[in-house]
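K.L.:
Output the structure for:
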Amino acid sequence: MYVGRIAAVGRTRSGRNAVLYRVSSRSFPNRMAVDNGGAVAVAPRPGHEEDARRNPYVSYNAVRVAGEWAIASNGSHTDPIAEKAEAGVPIRDAMAQVLLAFDYERDALDTPRVAAAAPRSGGAGWLAVVRRDALIVREVPLRGGEARYVATYEANDVGDDRLSAFDAATAADAALFAVEGGAFAALEHPVTSAAALADGDGFALGVHVVA
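P.N.:
Numbering: from 1, shown residues only. A predicted model of the protein is given here:
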């Protein structure tokens, strides 16, 4: 099944919270995730820079650390959500305000914007989506060995059935899991992925690029 871009929150079996992000794409597969320190950007691979001029939605910060929160999303809304969280806005309000302001992508498919947020510690994360017909921002439980996700197509609601097993020893492992692990392995056209995994007093970032 093809679900497009995926944002997820999870907790490892050892109790470390994480956000996961994956690009699945049929139209623009020549992309990679790049760790820029404190944020992970999705960008065209070398030789495919023209893609960013053909489509304004293919390049953006996909994962960003914001104090006690890690944020993942499928577009330019990552940064303003993170900035509001850093400024002390409650994460629910930050996600709702930004998604309402940005709205869905004005492309041929009316692509939804999705987002995920996980705290460094604590038992609840957040998933959100804005579609042409709805805005959903929902708190979800974080349980050891489990991830919950939302995606741009087919899975663009926050339902209790959007579950996967999840575990990772490192942030790079978490990014790889978003491509090859649990329920994610059955989802088609993976391109690149990223993750932020709680690590000591902050989050470690990891990336994976599909060969």
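K.L.:
Give the pairing partners of the longest strand seen in the chain; include direction for each.
P.N.:
Secondary structure assigned by DSSP state E gives strand 190-199 as the longest strand of the chain. Strand 190-199 has the following strand partners under DSSP bridges: strand 17-24 (antiparallel), strand 202-209 (antiparallel).
K.L.:
I'd like these as CSV, with mean pLDDT appended.
P.N.:
Putting the strands paired with strand 190-199 into CSV (pLDDT from 0 to 100) gives the following:
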stretch, mean pLDDT
strand 17-24, 98
strand 202-209, 98
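K.L.:
ok so, going back, how about the longest strand of the chain as CSV, C-alpha atoms only?
P.N.:
Extracted as CSV, the C-alpha positions of strand 190-199 are listed here (Å, rounded to 0.1, in the frame of the first residue of the first chain):
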residue,chain,number,x,y,z
PRO,A,190,10.3,4.4,0.5
VAL,A,191,12.9,7.0,-0.4
THR,A,192,14.5,8.4,2.8
SER,A,193,13.7,8.7,6.5
ALA,A,194,14.7,10.4,9.7
ALA,A,195,14.2,10.1,13.4
ALA,A,196,14.8,11.9,16.7
LEU,A,197,15.3,9.5,19.7
ALA,A,198,15.4,10.7,23.3
ASP,A,199,19.0,10.5,24.5
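K.L.:
most tightly surrounded among the strands paired with strand 190-199?
P.N.:
Of all the strands paired with strand 190-199, strand 17-24 carries the top mean neighbour count, a mean of 29, counting by mean count of other C-beta atoms under 10 Å. Where C-beta positions appear, they are placed from N, C-alpha and C, glycine not excepted.
K.L.:
Could you point out the helix or strand that follows that strand?
P.N.:
strand 31-35 (DSSP states H and E).
K.L.:
Show me the contact partners of that following strand.
P.N.:
Here strand 31-35 makes contact (C-beta atoms under 8 Å, 6 or more residues apart in numbering) with 21, 23, 25, 40-45, 48, 51, 58-59, 62, 175, 191-194, 205-209.
K.L.:
Minimum distance to W126: which of the strands paired with strand 190-199 has it?
P.N.:
Nearest to W126, of all those, is strand 17-24, at 9.8 Å by C-beta to C-beta.
K.L.:
can you state the direction angle for the closest one and strand 31-35?
P.N.:
Interaxial angle, strand 17-24 versus strand 31-35 (axes from the mean of the first three to the mean of the last three C-alpha atoms, to 10 degrees): 150 degrees.
K.L.:
Could you give the separation of strand 17-24 from the chain centroid?
P.N.:
Here strand 17-24 is found 4 Å from its chain centre; the criterion is C-alpha atoms, centre = their mean, to the nearest Å.
K.L.:
Check stretch 174-181 too.
P.N.:
Centroid displacement of stretch 174-181 relative to its chain, using C-alpha atoms, centre = their mean, is 12 Å.
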